[in-house]
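Asker: Model the structure of this input:
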Amino acid sequence: MAFTVTLEDELGMELASVSENGHFEKLLEQINDKNMICLKFIDPYGIAVFNRLQMQYLISELSLSLTKAIDKESTQFINATVEMAKRCKAEENTYIYFYGDRIKN
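Answerer: Numbers count the residues shown, from 1 in each chain. Prediction:
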């Protein structure tokens, strides 16, 4: 399964996006930690959305996942997602969407 992550405003307008080819799901399985607040809710077959108030946790968990990244593409995907999350944290009425299984192309 592959993921597309987007930064969207409250009207659903895409402000930024990044996609990957399936390594992120394997990474999520490796870091399946019960203490994770956000990453444990990402569904490889569905949609997960996080708001500005959740960004500090999402950024922290994504940064932690970098230590488990298995290749350059995964590292780039996580870094791009962290940058979008930082933007989401700084801007009101923005959201991070994780689209699993290439739901959003």
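Asker: Just after the worst-scoring helix or strand of the chain on mean pLDDT, pick out the following helix or strand.
Answerer: Scoring the helices and strands of the chain by mean pLDDT, DSSP states H and E places helix 23-30 at the bottom, with a mean of 81. Using DSSP states H and E, the next helix or strand after helix 23-30 towards the C-terminus is strand 47-51.
Asker: And the next helix or strand past that next one?
Answerer: Where DSSP H and E defines the elements, the next helix or strand beyond strand 47-51 is helix 55-65.
Asker: so what's Gly100 up against?
Answerer: By Cβ atoms under 8 Å, 6 or more residues apart in numbering, Gly100 lies in contact with 1, 3, 25, 42-48. Any C-beta I mention is one placed from the backbone N, CA and C, and that applies to glycine too.
Asker: hang on, the earlier thing: buried residues in the least confident helix or strand of the chain, which are they?
Answerer: For helix 23-30, the neighbour count (16 or more other Cβ atoms under 10 Å) marks 23-25, 27-28 as buried.
Asker: Now flag whichever of these is closest to Glu91.
Answerer: Checking the buried residues of helix 23-30 against Glu91 with Cβ to Cβ, the nearest one is Phe24 at 23.9 Å.
Asker: Could you check how many residues crowd around the residue nearest to that closest one when sequence neighbours are not counted?
Answerer: Nearest-residue entry for Phe24: Phe3, 5.0 Å, with adjacent residues in sequence omitted and distances by Cβ to Cβ, 6 or more residues apart in numbering. Other residues near Phe3 number 25, with proximity taken as other Cβ atoms under 10 Å.
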